[in-house]
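[1] Any chance you could fold what I've pasted below:
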Amino acid sequence: MSDCDHCHKELSEPRFYLDRNVQDFCYSNEGEFVNAQVLYSDSINYFCCAGCADASVSGILHLLGLKILPPTTNPVGICANCSGPVDMTVPHVAYSLMEATKVMKPWMTHLEVHQDEYLCVVCQNCDNQLMEAEWQVVDDDETGLLELISLRSKEIA
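    Numbering: from 1, shown residues only. The predicted model follows:
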């Protein structure tokens, strides 16, 4: 994870992360949006700057069959794959682009988030189809996502 996935330069701080999050939305008793609770997060790409992220993210999502459709804070979102409904009040998958700085302390390492942009959400049915393909990728293989994208582009063509 030491190089940018677009230009292959060494990553510096801050950096940009393309994340796949499992999250749910919480609402007040009056039905007002309170917050998005991230239950699990996995960074799938890393970029050294906004320019590299902007040049890559939409293409990566497109090759996964997803459209950039920023979710709303409403209880029902729109799936970026099938355009079906996504119940935002239960755990669901969202893709986001985050700018953050890795902060290392002797007792812990964490990310200081500067900006977090939601790109899209995916319904459970479409996510299961994506996960079947993603699980075939070996976690330790840094080129795994590129191979997945290559496979997806051949399926689409």
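[2] got the residue ranges for the helices in this structure?
    50-63, 124-134, 144-156 (DSSP state H).
[3] quick one: average confidence on the shortest one?
    Per-residue confidence for helix 124-134 averages out to 68 on the pLDDT scale.
[4] And the lowest mean pLDDT element among the helices and strands of this structure?
    When each helix and strand of the chain is scored by mean pLDDT, DSSP states H and E, helix 144-156 comes last, with a mean of 55.
[5] At which residues are the strands of this protein located?
    Counting by DSSP state E, the segments of the chain that form strands are 15-27, 33-47, 76-78, 85-87, 92-104, 109-122.
[6] What strands line up against the third one, and which way round?
    Using DSSP bridges, strand 76-78 pairs in its sheet with strand 85-87 (antiparallel).
[7] List the contacts of the partner strand.
    For strand 85-87, contacts defined as CB atoms under 8 Å, 6 or more residues apart in numbering pick out 71, 75-79, 92, 121-123. Just so you know, the C-beta spots here come from the backbone N, C-alpha and C atoms, and that holds for glycine as well.
[8] Now with 6 Å, please.
    Applying CB atoms under 6 Å, 6 or more residues apart in numbering, the external contacts of strand 85-87 come out as 76-77, 79, 92, 121, 123.
[9] Looks like Tyr95 contacts Tyr118 (just checking).
    No - counting by CB atoms under 6 Å, Tyr95 does not reach Tyr118; the two are 7.7 Å apart.
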